[in-house]
Every structure is written in structure tokens, then in C-alpha cells.
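Everything below, folded, please.
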Amino acid sequence: MKTIALALVVFLAGAILPAAAHSQRRMTVPEDGAVLSASPEEIVLTFDAQTQVTYIALKNAQGEVVSLETADRMRPLVRFTAEPGAMGAGAYEVEWRGLSADGHPLQGRFGFSVEP
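Okay, the predicted model is just below:
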């Protein structure tokens, strides 16, 4: 009887834990640390599960915000895209926040530079 109960606990734990896992960022475009010869056409965040990006900002080296055009309307997505406004040469940082499908808050940042 103890063996059956133990097997049931192990089975249920294996079934529940993946469902409770938080989304994770898989990749970004541009990649963190990339040196580009021209402004990127889009900023992309890719996640391993549906994620609602609730905030995204692109800033230059002086901390000035560069406009971003998004069309997601805060829908949960696996691939989030934003189109930046005019960008000159220099270093840039993207800061973002979001919610995974289980409601867990996520955040991150990555940087790149434009050197035409």
C-alpha cells in the first residue's frame, strides 16, 4: 500500500510541477551585446510559453527614451515584437517587464549598439 501511495505522489508531482513552471525568455533580437551596422527594424523578445509583456522601453546611452511601436495590445504571446523609431549611432538598452501564464512577474534587460 505504501508503494502505491508513493508512486501516486511521485506521479502527481511530475504532472503538477511542469504546469506550475514560469515562462522564461528564450532569446532577443538584437542579441544582448550585439554590434549592428544599422538600426534594427524590430526589437523581439521570444519566450518558451505565452507571456504578456506589460512594459518595454528602449533607451539610448544618455537615458533618453526612443519610441517603440507595438501592436500586441498586451496579449499573451510567445513572440513579442516592437518597431523602434529613428536611432543614431551609439549604445542602447531595452528594459522589459511581463507576466507569465501562471501570473509570475518577469523582467529583464539587454543591450546592443549601432555602429554604422
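
All the helices of the protein, in order from the start?
In the chain, the segments counted as helices under DSSP state H are 2-19.

which stretches of it have low pLDDT?
1-21 (pLDDT under 70).

redo that, cut-off 80
Counting by pLDDT under 80, the chain contains low-confidence ranges at 1-22.

mind listing what residue 71 touches?
Taking Cβ atoms under 8 Å, 6 or more residues apart in numbering as the criterion, residue 71 is in contact with residue 81. Using the backbone N, CA and C atoms, a C-beta is placed for each residue, glycine as well.

now residue 56: how far from residue 92?
Separation of residue 56 from residue 92 (Cβ to Cβ, to the nearest Å): 13 Å.

Looking at the two, which is more packed in?
Using other Cβ atoms under 10 Å, the more surrounded residue of residue 56 and residue 92 is residue 92, with 22 against 17.

Quick check: the more buried one vs residue 28, distance?
Taking Cβ to Cβ, one finds residue 92 at 12 Å from residue 28.

do residue 79 as well
11 Å.

which neighbours do the two share?
44, 45, 46.

Neighbours of the closest residue to residue 72 other than its chain neighbours, how many?
Nearest non-adjacent residue to residue 72, counting by Cβ to Cβ, 6 or more residues apart in numbering: residue 80, 5.9 Å away. Neighbourhood size, residue 80 [other Cβ under 10 Å]: 22.

Who does residue 80 form a beta bridge with?
In this entry, residue 80 is beta-bridged to residue 45, by DSSP bridges.

Could I get the contacting residues of residue 80?
For residue 80, the contacting residues are 44, 45, 46, 47, 51, 53, 56, 70, 72, 98, by Cβ under 8 Å, 6+ apart.
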